[in-house]
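# Make a model of this:
(one chain, ligands or ions: 1)
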Amino acid sequence: MYCKHCRQVMDNDFCPDCRKATRMPEADDICFLAERGHPWSDILCDVLKQEGIPFLRQSNLGHGLMSMIGQGLELESIYVNWKDWERAVDVAAGLFSEDVEILWDEEDELQE
Ligand SMILES: [Zn+2]
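Predicted structure coming up:
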């Protein structure tokens, strides 16, 4: 089920956050995927890009504030379309479940 107010996917018939009724998600619904700080938000977005999953990122800070306290405290919320959501969750889980070193794909830099 999906809360269009919070953009969260959940099992509940009512959203625990805003207490509104949830509904079945539709393909183009924007669904919350993860909230991450730097550098993980960048890495996640890179991987989503590689997987061909369109995403939306939203900072929790305004730009003025960000320059005052630096990027360290910034969190970004990443959203994807419902039709890509399960795939994106897999991608994110693979990324964040292991403390592996990210091996950068050098072909990336050659593409430009
Ligand atoms: Zn809600």
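# How about R23: what's its closest non-neighbour residue?
Excluding its sequence neighbours, the residue lying closest to R23 (Cβ to Cβ, 6 or more residues apart in numbering) is Y2, at 6.0 Å. Heads up, the C-betas are built off the backbone N, CA and C, glycines and all.
# same question, E74
In space, E74 comes closest to L61 once its chain neighbours are excluded; the distance is 5.2 Å by Cβ to Cβ, 6+ apart.
# Check the gap between that neighbour and the ion for me.
For L61, the distance to the ion under the criterion Cβ to the ion, to the nearest Å works out to 22 Å.
# circling back to that earlier point, so how many other residues sit close to the residue nearest to R23?
Taking other Cβ atoms under 10 Å as the neighbour definition, Y2 ends up with a count of 21.
# Contact partners for S77?
For S77, the contact set (Cβ atoms under 8 Å, 6 or more residues apart in numbering) comprises F32, A34, E35, R57, Q58, N60.
# Among those residues, which lie within strands?
Among the contacts of S77, the members falling in strands (DSSP state E) are F32, A34, E35, R57, Q58.
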